[in-house]
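Q: Sharing a model that was predicted from the sequence below.
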Amino acid sequence: MERKELRKEQIERISGVNVRKCMRCGKCSATCPSYDEMEYHPHEFVYMVEKGEVAKLMESDSIYKCLTCFACVERCPRDVEPAKVVEAVRLEAVRKQGMNRLKPDAIPEMWDEDLPQQAIVTAMRKYTK
């Protein structure tokens, strides 16, 4: 089996999501609070995993822009759960890099009064595993 297929299957296994259920309606992306910050949007994540383009997603900053708020999960009419796909791709990227992307020392310089509290909590959960 090709490396591309193995990675696709691994993301599906880690996330527990059947990416073939997605009908690409875009409702998940329309709900996403990080939409403007992301290179690839939630419905594109699901489709790219389906096509086996996991390596491209792993190199994108979009995996770190997702707030993991699960708004996309709530909005999906087919229960695809795009946030779980994003989390699985992020986990693979961290495993590949062998380290976390965000260092705790970097947080104070990124602090902004308009930054939602959820973003801070989510960042710590994502980057301290």
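A: Received, thanks.
Q: Return the residues in contact with the closest residue to E53 other than its chain neighbours.
A: Once flanking residues are discounted, E53 sits nearest to K4: 7.9 Å by CB to CB, 6 or more residues apart in numbering. Yep, even glycine has a C-beta here, placed from its N, CA and C like the rest. Applying CB atoms under 8 Å, 6 or more residues apart in numbering, we find K4 in contact with G52, E53, V54, A55.
Q: Equivalent analysis for Y35, please.
A: Residues counted as contacts of Y35 (CB under 8 Å, 6+ apart) are S29, H41.
Q: Distance of it relative to N18?
A: 24 Å (CB to CB, to the nearest Å).
Q: Ok, M38 next?
A: M38 is 23 Å from N18, by CB to CB.
Q: Going by how many neighbours each has, rank the two and give me the top one.
A: Taking neighbours as other CB atoms under 10 Å, M38 and N18 compare with M38 leading, 20 against 14.
Q: ok, for the more buried one, nearest residue in space, not its chain neighbours?
A: S62 (4.3 Å).
Q: Is the one you found in contact with C32, as I believe?
A: No: in this structure, S62 is not within contact of C32 by CB atoms under 8 Å, at 10.4 Å.
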